[in-house]
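output the structure for:
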Amino acid sequence: MTVSDLRPMLPVDHDVRLQRALFSLAGLSVGDAFGERFFGPPGYAQELIARRKPPPPKWTWTDDTAMALSIGEVLTRHGNIDQDDLASCFARRYEEEPGRGYGAGARQILSSVGAGVSWKAAAGEPFGGTGSHGNGAAMRVAPLGAYFAEDPEQLVAQALLSAQVT
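A predicted model of the protein is given here:
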């Protein structure tokens, strides 16, 4: 057995797909950082919009971008969602920058995964085992949409795999 036998089979157009995924990450991260700046006291966002004034700097991206970056990382290596690798990436990025705005459920899951708990067990703990009722998986799915743009059935399957991790 050679090292190449251990590598996943990547699609022949992997580089083209990956380029699309990276472009989507650029847009996602800017939108994430822009949108995050509208959070504030009641009426703050409406005031900025009414004055047609962009939010002041510093625009920083959130956990949504951090998790989307993990999806990009896994796509780069595997050409699809490897759930174990994705869970590791999510947990590593959370550990590196826990202040990115992770919700309570994500913090619980990613802390557990980082401590060595299987993602399957950790993801089943919050919310009485019913799963999150939030939009986290939707917020990080852009790289998958770009990577699998020409195969909607595969996109749906891969999006489900990515969502199951949390």
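
next, count neighbours for Ala138.
11 (other C-beta atoms under 10 Å). From N, CA and C alone the C-beta is placed, and that goes for glycine too.

any idea which element it lies in?
Assigned by DSSP states H and E, Ala138 falls within helix 136-139.

and Ala106, by the same measure?
Using DSSP H and E, the element containing Ala106 is helix 104-114.

got the CA positions of that helix in CSV?
C-alpha atoms of helix 104-114 as CSV (Å, rounded to 0.1, in the frame of the first residue of the first chain):
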residue,chain,number,x,y,z
ALA,A,104,-24.5,27.8,24.1
GLY,A,105,-25.3,24.5,22.3
ALA,A,106,-22.4,24.8,19.9
ARG,A,107,-20.1,25.6,22.9
GLN,A,108,-21.3,22.6,24.7
ILE,A,109,-20.8,20.3,21.7
LEU,A,110,-17.5,21.6,20.6
SER,A,111,-16.0,21.6,24.2
SER,A,112,-17.1,18.0,24.5
VAL,A,113,-15.6,17.0,21.1
GLY,A,114,-12.4,18.9,22.1
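
elements contacting it?
Counting contacts by 3 or more C-beta pairs under 8 Å, 6 or more residues apart in numbering; DSSP states H and E, helix 104-114 packs against helix 83-96, helix 119-124.

and the ones you listed as CSV, adding mean neighbour count?
Output for the helices and strands packed on helix 104-114, formatted as CSV (neighbours: other C-beta atoms under 10 Å):
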stretch, mean neighbour count
helix 83-96, 19
helix 119-124, 18
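
against Gly43, how distant is Asp151?
The gap separating Asp151 from Gly43 is 44 Å, by C-beta to C-beta, to the nearest Å.

next one: Ala115
Ala115 is 41 Å from Gly43, by C-beta to C-beta.

kindly report the same for Pro55.
14 Å.

of the two, who's got more company?
Pro55 (17 against 9).

packing partners for the strand or helix carrying Leu75?
If you go by DSSP H and E, Leu75 is part of helix 63-78. Packing partners of helix 63-78 (3+ C-beta pairs under 8 Å, 6+ apart): helix 14-36, helix 83-96, helix 136-139, helix 142-147.

of all the helices and strands packed on helix 104-114, which has the lowest average per-residue confidence?
Lowest mean pLDDT within the helices and strands packed on helix 104-114: helix 119-124, at a mean of 91.
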